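*Asks:* What would the 3D arrangement of this be:
(2 chains)
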Amino acid sequence: MNAITTKDLIFQYKGAKSIHYPNISCTSEEPVLVHGQSGTGKTTLLHILGGILSGGTGEVNLNGIDLLKLDAKKLQKIRRQQIAIIFQTPHHVASLSVRDNILLGTHGKIDEKHFTKIITSLQIDHLIHKQPSEISQGEKQRMTIARALVAKPALVLADEPTSALDNERADSVIQLLLEQTKNIGSCLITVTHDDRMKAYFKKSIYLA
Amino acid sequence: MRWKLVWKNLLHEPLSTILSLLLLTVGVSIITLLLGIKHQVEKKLDGDLKNIDLVIGAKGSPLQLVLSSIYHLDAPTGNISLEDANEIASNPMVETAIPLAYGDNYNGFRILGTDSNWHQLYETKIYDGKMPSENMEVVLGWEVAQKTGLKIGDSFEGIHGNAEKGEVHEGHPYNVVGILTPSYDVADQLILTNVSSVVEIHEEHEHEHDHTEEHEHAHEEITAILLQFRSPMAMMTMPRKINEETNFQAAIPNIEIRRLLKLLDGIFIFIQAIGIIVMLLAGVSVFLSLLQKLQKRKYEIALLQSIGYSKWYVSSLLIYEAILLAIIGYLIGFIFSRIILFLLDSSIAQQYGLNVFSLGWMADEYLIFLITLLTGILSAIIPAWYSVRASISKTLADGK
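*Replies:* Down below sits the predicted model:
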């Protein structure tokens, strides 16, 4: 079973107050919601856990590996093999089709069956041959969720994944995230300030 | 995925791609074209020299004498007496002496009266028929046969001078007895006969004019004589002796051709400098276009890194993009320069009856390819370095 834990995690931006994070423990069976107001360090936490922000102290343990102790090259390898991040803004490669954007996360190891299942569940199967410029913001967000799930990572980190979605779509997307991460055995940590999300998670951490 | 992404990125912003390609293409075209022209002109001029040490003809421009006697390009400087020419030819320092007699053409192709030494020198081979053995018999160069449609057994009358239209030597038909195999030198463009045929026609031509006008063809005259010496020592003495002690002019083809190439060199260098400047501009254009793309793609670059693509992979996308641009620019420039060379060649062949340019690969073109590639790589290095310098986290956070 995949698991991620943090212990005494502290981060400080240059010239700013340090952020002390509560200890987090997340498994594929027990997804975690991190919520709090803007500016409390939610996105920073997500970036540290995702291995794209270094400089923190303490411990971030993903399946027995302390991410804070890894050099850049090893961290890149971990990101490639074990981590997927869903950003608040649906970043994508403008020149690639929706399908190719989703498959970026697989690094060439494509499981067509899994891919079809994901895009069908996210209701973007009819969009895969379009360019990102031809689809709506909500559809782009679902495209980035598909990119995260299609790679079957050990850890899925979602930063406000429902912010661009209406209630109905937000419900289906968060259900899908929970269901799919459970199916593929990924740990899911979601950071948000969207109160609608609390109902879906048994375990939540509040950042003040 | 890498090349696919590079290709899609190129196509995604067609305007900047086209501008960079246009500059690269123009730069490559100019340099390749100039190189091609220089290379082929030098090769052609050197190839047709055939180790001829000295050309003797009437006084005038030495370059004109060389161009008319060896390359059959310019008008002859005048005529020399056959008797005096024979005297020079009998000099013990002379190994081979080849008489040249002309003054007529057919459809723009020169009719040259010469002897078997000329055929030996140019290593001509019979494709069909035989070599001329009687007066008024001719053998046709390959291009002449192709373009005039003359066949063995056909007869034609020569036209006086070098112009296609002029006074026809009526009643003196030449008979085609042979066609030469293609030799890709001046032999392809000539109609060859013996000296006495040309002399005979012009003797009679002179009589027809009733001696009332001063004519360039005097009795028993030829146009020039080509010499090969037994020893290089002859080169030290004979040209000076002929120039000082006779009414003739002795021109050393090698010197005249070097002088001509030196004159052309200045023009080549000037135009090549323009080509290099255009290439530099192309490099700057690729550089600026990549910097601009970098700004637009900063989130994509950060995203790719967050997914686990390495810094090298991400920065190589820009380098590969520049390399691909350089390769495409080079290929289009190369094809474009070949099309121009082909058109130039056709035009020169039509005007002067000479095929100057070969469309094959030239050795120096590897260098141009490398320079083009280097231009692409150098223009991409700084943008590539910048692409992975920024913090992934900060970029993605800023892009909220």
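
*Asks:* Chain B contacts on chain A?
*Replies:* A:43-44, A:47, A:50, A:52-53, A:72-73, A:76-81, A:83-85, A:87-89, A:91-96, A:100, A:104-105, A:107-108, A:147 (CB under 8 Å from any CB of the partner chain). Every residue, glycine included, has its C-beta placed from N, CA and C.

*Asks:* Only whichever of these are buried, select them in ChimeraX.
*Replies:* To isolate the buried members of the residues of chain A next to chain B in ChimeraX, using 16 or more other CB atoms under 10 Å in any protein chain shown:
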select /A:43,44,47,50,52,53,76,78,79,80,83,84,85,87,88,89,91,92,93,94,95,96,100,104,105,147
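
*Asks:* and the residues of chain A next to chain B, which of them are in strands?
*Replies:* A:83-85 (DSSP state E).

*Asks:* Same list (these) but as CSV, adding pLDDT.
*Replies:* Output for these, formatted as CSV (pLDDT from 0 to 100):
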residue, pLDDT
A:83, 95
A:84, 94
A:85, 94
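
*Asks:* do you know how far residue B:227 is from chain A?
*Replies:* Residue B:227 is 69 Å from chain A, where distance means CB to the nearest CB, to the nearest Å.

*Asks:* Also residue B:186?
*Replies:* 56 Å.

*Asks:* I figured that residue hits residue B:73, correct?
*Replies:* No - Residue B:186 lies out of contact with residue B:73 (CB atoms under 8 Å); the separation is 9.1 Å.

*Asks:* neighbour-wise, which of these two wins?
*Replies:* Shown here are residue B:186 and residue B:73; by other CB atoms under 10 Å in any protein chain shown, residue B:186 has more neighbours (21 against 17).

*Asks:* which residues touch the more buried one?
*Replies:* By CB atoms under 8 Å, 6 or more residues apart in numbering or on different chains, the contact set of residue B:186 is B:48, B:70-72, B:122, B:354.

*Asks:* And residue B:38, which helix or strand is it part of?
*Replies:* helix B:14-49 (DSSP states H and E).

*Asks:* And for residue A:58?
*Replies:* Per DSSP H and E: strand A:57-62 holds residue A:58.

*Asks:* Now that strand: buried residues?
*Replies:* A:58, A:60-62.

*Asks:* Any chance you could list what contacts that strand?
*Replies:* Counting by CB under 8 Å, 6+ apart, A:3-11, A:21, A:48-49, A:66-68, A:78, A:82-83, A:154-155 sit against strand A:57-62.

*Asks:* which residues pair with the closest residue in space to residue A:161 that isn't next to it in sequence across the strands?
*Replies:* Spatial nearest neighbour of residue A:161, excluding adjacent residues (CB to CB, 6 or more residues apart in numbering or on different chains): residue A:86 at 5.1 Å. Beta-bridge pairing of residue A:86 under DSSP bridges involves residue A:158.

*Asks:* list the contacts for residue A:86?
*Replies:* Going by CB under 8 Å, 6+ apart, residue A:86 touches A:144-145, A:148, A:156-159, A:161.

*Asks:* List only buried entries from these.
*Replies:* Buried, going by 16+ other CB under 10 Å: A:144-145, A:148, A:156-159, A:161, out of those.

*Asks:* ok, the closest residue to chain A within chain B - contacts?
*Replies:* For chain B and chain A, the shortest gap (CB to the nearest CB) falls at residue B:308, measuring 2.6 Å. By CB under 8 Å, 6+ apart, residue B:308 lies in contact with A:76-81, A:83, A:107.

*Asks:* how much space between the nearest residue to it once chain neighbours are set aside and residue B:147?
*Replies:* Among residues not flanking residue B:308 along the chain, residue A:80 sits closest, at 2.6 Å (CB to CB, 6+ apart). Distance, residue A:80 to residue B:147, by CB to CB, to the nearest Å: 68 Å.

*Asks:* In chain A, spot the strand with the most residues.
*Replies:* strand A:3-11.

*Asks:* Give the next helix or strand downstream of that one.
*Replies:* strand A:19-20.

*Asks:* just the angle between the longest helix anywhere in chain B and helix B:14-49, please?
*Replies:* Across chain B, the longest stretch assigned as helix under DSSP state H is helix B:253-296. Counting by axes from the mean of the first three to the mean of the last three CA atoms, to 10 degrees, helix B:253-296 points 170 degrees away from the direction of helix B:14-49.

*Asks:* Show the residue spans covered by the helices in the chain.
*Replies:* In the absence of a named chain, this looks at chain A. With DSSP H as the criterion, chain A has helices spanning A:42-49, A:72-82, A:98-103, A:112-121, A:137-150, A:167-184.

*Asks:* other chain: chain B
*Replies:* B:2-12, B:14-49, B:62-69, B:82-89, B:116-121, B:142-148, B:195-208, B:233-245, B:253-296, B:298-307, B:311-352, B:365-387, B:392-398.

*Asks:* re earlier: in this structure the residue nearest to residue B:308 contacts residue B:307, no?
*Replies:* Yes - using CB under 8 Å, residue A:80 is in contact with residue B:307, at 7.2 Å.

*Asks:* Can you pull the residues that touch both of the two?
*Replies:* Joint contacts of residue A:80 and residue B:307 (CB under 8 Å, 6+ apart) are residue A:107.
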